[in-house]
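Visitor: return atomic coordinates for the entry below.
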Amino acid sequence: MVNIKSYFSQTLKWCLMVGMALLPIVLLGIFAIYFASKSVRSFVADSNSTVAFISAELVGREIESSISLGKAVAGLPGLVDAVNTHDEDGVRSRLMPVVRAYPRVDRIFITDLAGTLWSDYPPAPESLGRNFRDRDWYRGVTNGWEPYVSEVYQRNANPKPLVVAIAIPLRNENGALLGILVLQHRLDSLTAWFKQIQFGANGYVFLIDHTGTIAAHPQIDLQANLREEYSDLPMIRKGLLGTAGSGTYRDPVNGVKMIAAVVPVILTHHCWIAVACQPEALAYEPAYLLRLRIGGAAILLALVAVAVVLILGWISQKNLRLTRQFAKQNEELKRLSADLEVQAAQLGISNRDLEAFSYSVSHDLRAPLRSMDGFSQALLDDYGNKLDEQAKDFLERIRTSCHRMSQLIDDLLNLSHVSRAVMQSESVDLSALVKSLADQLRLEQPERMVEFVIAPDVHALGDSRLLSIALENLLRNAWKFTSRTPRAVIEFGVLQREERPLYFIRDNGAGFDMMYADKLFKPFQRLHTSSAFPGTGIGLAIVQRIVRRHGGTVSAEGQPEKGATFFFTL
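Guide: Predicted coordinates for the structure are as follows:
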């Protein structure tokens, strides 16, 4: 009886001890699931918002370019004279080259001030003399006589494309109204472009006009009839009021639950919206899989722990009288050792998963960037002779933004890498490193006259590769912010302090206001505009991570237009 009680008492004791050891692992698993799910949700939301914003920007620019084209055509002296004399053929001869030169323009026609059509190209004899005063574009342009973008509608003529009417008031040289020029802009080019966009988990983009009508959708055939299923969704209604946002909704067409971002496209008198969305189940699938894996591992670990406890309890009971204290200490040591090994293995797996996740995120972000950059370059290469300078400028801006986003992704990966890299401590010749980096900067920009003042024989104990990255970022920072200084000077040296050496890099460049010194080493924080001094705002954050990994500190002093000094210890 005593042995049975002792056995159960000992077994219960082991169960409690193992339970206490498993509690941190369980809590760690819960937090890992929570933060991994949160990261996936944040990434999906950011991807949707980025794609929706870029799509809204491009759609807005295309519509604005058509408005500008309509204004230019309405201001042609020959066209104004032909309208003034009611010369139908003269008007048509001046509209013909415009329609032929711009494929997105389906048709242009002229009406009088009452909305009656009297000339067009391509000619549609059945429309001559028809009155359009009941149309949205007529009501919009006559309400103030300013350019107006209409709702989406389908042309009567085959192949009945979806178009949007851009109505422009026609005036003579004295400003008197002569009529209305209506440019019908085809939307099938936007649908084709949306079909090319691929991001996230089967993500796609579609466009809705100010009435709630679908203007372009890569997965819905809009040739049969116009669709308005999305107009009752709350996030769509908010978007049509000019409010960007994100959230989930049940797709009214296929019934799939979607996670989406809505960005308004601001037009002349109202706004359309670009919607970027992904199926929620597919978008969050990585988080679901991770949750299952961690849960399965926890269950397996619990079963193994219970089996081990029962066996250890049985063995300890047999030798209780002779070796009770010794067995207890020995088993405690084994248990602690096993827990440490499990924790070490879990930590290694978490680090590998984090690194794989980082590279997966960078790949998913690069895919749409490469697509936008490639299509922009293709437009410039294949249709450059058909585009005006403004259109070429828009495409160059898109490519510049893509390159800047790609550089930002590289910098974020570098920031993550220096935080996890294994350090190998050795004696490092900092003076030689600075001299080598200075020579490299001179080779990159030989036209610049910059004086480098480098203190000789400055050594430090640390990881040579990481210290080289930190010094390169500091020197490139000084090189960049002295680019507008006629006689630039960059200095590297060391000051002896009581506790440890204080290394510094000083320049006489743009400097900064000390009021904002606390923002210097935070990622994405910039004290100067990108147009003045390009960059991503990651370099100094990388420097701080490396210095902290060496057990040191980094700080900065400066004055506007008088230069800056960056100090660090190791």
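Visitor: can you map out the helices along the stretch 51-200 of the chain?
Guide: Ranges of helices in the stretch 51-200 of the chain, per DSSP state H, counting those that start in this stretch, are 77-84, 88-101, 136-142, 188-196.
Visitor: next one: the chain
Guide: In the chain, the helices defined using DSSP state H lie at 2-74, 77-84, 88-101, 136-142, 188-196, 234-240, 280-283, 285-318, 320-383, 389-420, 430-444, 464-481, 539-549.
Visitor: buried ones in the shortest one?
Guide: To tie it back to what came earlier, the one meant is helix 280-283. Across helix 280-283, burial judged by 16 or more other Cβ atoms under 10 Å covers 280, 283. Heads up, the C-betas are built off the backbone N, CA and C, glycines and all.
Visitor: look at stretch 233-248 and report the distance between its end residues.
Guide: Using Cα to Cα, to the nearest Å, the end-to-end distance of stretch 233-248 comes to 10 Å.
Visitor: now that stretch: average pLDDT?
Guide: The average pLDDT for stretch 233-248 rounds to 90.
Visitor: please state the offset of that stretch from the chain centre?
Guide: Between the centre of stretch 233-248 and the centre of its host chain there is 20 Å, according to Cα atoms, centre = their mean, to the nearest Å.
Visitor: which residues sit against that stretch?
Guide: Stretch 233-248 is contacted by residues 45, 48-49, 52, 208, 210, 212, 230-231, 249, 252, 257-264, 266, 270-273, 275, 280 when judged by Cβ atoms under 8 Å, 6 or more residues apart in numbering.
Visitor: can you say which of those are buried?
Guide: For those, a neighbour count by 16+ other Cβ under 10 Å gives the buried set as 45, 48-49, 52, 208, 210, 212, 230-231, 249, 258-264, 270-273, 275, 280.
Visitor: thinking again about what came up before, now the helices of the stretch 51-200 of the chain in CSV, with mean neighbour count, distance to Arg293 and mean pLDDT?
Guide: Below are the helices of the stretch 51-200 of the chain laid out as CSV (neighbours: other Cβ atoms under 10 Å; distance: least, Cβ to Cβ, whole Å; pLDDT from 0 to 100):
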stretch, mean neighbour count, distance to Arg293, mean pLDDT
helix 77-84, 17, 68, 92
helix 88-101, 16, 58, 94
helix 136-142, 20, 55, 94
helix 188-196, 17, 35, 88
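Visitor: looking at the ones you listed, which is closest to Glu331?
Guide: When the helices of the stretch 51-200 of the chain are compared by Cβ to Cβ, helix 188-196 sits nearest Glu331, at 64.1 Å.
Visitor: and the closest one, what does it pack onto?
Guide: helix 2-74, strand 204-208, strand 214-216, helix 320-383 (3 or more Cβ pairs under 8 Å, 6 or more residues apart in numbering; DSSP states H and E).
Visitor: not counting sequence-adjacent ones, nearest residue to Tyr204?
Guide: Taking Cβ to Cβ, 6 or more residues apart in numbering, and ignoring the residues beside it in sequence, Tyr204 has Pro218 as its nearest neighbour in space, at 5.1 Å.
Visitor: can you list phi and psi of that neighbour for me?
Guide: When read as degrees, to the nearest 10, the backbone of Pro218 gives phi -70, psi -10.
Visitor: keep only those of the buried ones among the contacts of stretch 233-248 that are in strands.
Guide: Under the assignment DSSP state E, the buried ones among the contacts of stretch 233-248 contribute 208, 249, 258-264, 271-273, 275 to strands.
Visitor: closest to Pro501 among the residues you listed?
Guide: Within these, the smallest distance to Pro501 is 50.4 Å, found for Ala261 (Cβ to Cβ).
Visitor: give me the nearest residue to that closest one, chain neighbours excluded.
Guide: Asn48 (3.6 Å).
Visitor: looking at the helices of the stretch 51-200 of the chain, which is closest to Ala470?
Guide: helix 188-196 (41.5 Å).
Visitor: centre of the chain to that closest one, how far?
Guide: On Cα atoms, centre = their mean, the centre of helix 188-196 falls 21 Å from that of its chain.
Visitor: now the angle from that helix to strand 204-208?
Guide: Computed by axes from the mean of the first three to the mean of the last three Cα atoms, to 10 degrees, the angle separating helix 188-196 from strand 204-208 equals 150 degrees.
Visitor: would TSV of the helices of the stretch 51-200 of the chain with distance to Asp339 be doable?
Guide: Compiled in TSV, these are given as follows (distance: least, Cβ to Cβ, whole Å):
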stretch	distance to Asp339
helix 77-84	85
helix 88-101	75
helix 136-142	71
helix 188-196	53
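Visitor: of these, which is nearest Gly551?
Guide: Between the helices of the stretch 51-200 of the chain, helix 188-196 lies closest to Gly551; by Cβ to Cβ that is 50.6 Å.
Visitor: identify the residues contacting that closest one?
Guide: Against helix 188-196 from outside (Cβ under 8 Å, 6+ apart): 55, 58-59, 62, 103-104, 161-162, 204-207, 215-218, 222, 371, 375.
Visitor: about what we covered before: which one of the helices of the chain lies nearest to Ser127?
Guide: Closest among those, using Cβ to Cβ: helix 88-101, at 12.5 Å.
Visitor: may I have the closest one as CSV, with CA atoms only?
Guide: Extracted in CSV, the C-alpha atoms of helix 88-101 (Å, rounded to 0.1, in the frame of the first residue of the first chain):
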residue,chain,number,x,y,z
GLU,A,88,-19.6,68.4,-90.8
ASP,A,89,-16.9,67.0,-93.2
GLY,A,90,-14.3,69.5,-92.0
VAL,A,91,-14.9,68.4,-88.5
ARG,A,92,-14.7,64.8,-89.4
SER,A,93,-11.4,65.2,-91.3
ARG,A,94,-9.8,66.7,-88.2
LEU,A,95,-11.1,64.0,-85.9
MET,A,96,-10.0,61.2,-88.1
PRO,A,97,-6.2,61.4,-87.4
VAL,A,98,-6.8,61.6,-83.7
VAL,A,99,-8.9,58.4,-83.5
ARG,A,100,-6.4,56.6,-85.7
ALA,A,101,-3.4,57.7,-83.7
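Visitor: ok, back up a step: ok, of the helices and strands packed on helix 188-196, where does mean pLDDT dip lowest?
Guide: Among the helices and strands packed on helix 188-196, helix 320-383 carries the lowest mean pLDDT, at a mean of 68.
Visitor: pLDDT below threshold where in the stretch 451-570 of the chain?
Guide: For the stretch 451-570 of the chain, the stretches flagged by pLDDT under 70 are 524-537.
Visitor: strands of that one, start to end?
Guide: 459-462, 488-496, 501-507, 554-559, 563-568 (DSSP state E, counting those that start in this stretch).
Visitor: that older thread, nearest to Asn143 among the ones in strands among the buried ones among the contacts of stretch 233-248?
Guide: If you rank those by distance to Asn143 using Cβ to Cβ, Cys271 comes first, at 16.8 Å.
Visitor: does Ala517 touch Ala556 like I think?
Guide: Yes. Assessed by Cβ atoms under 8 Å, Ala517 is found in contact with Ala556 at 5.9 Å.
Visitor: the two: which is more packed in?
Guide: Between Ala517 and Ala556, counted using other Cβ atoms under 10 Å, the more crowded position is Ala556 (20 against 15).
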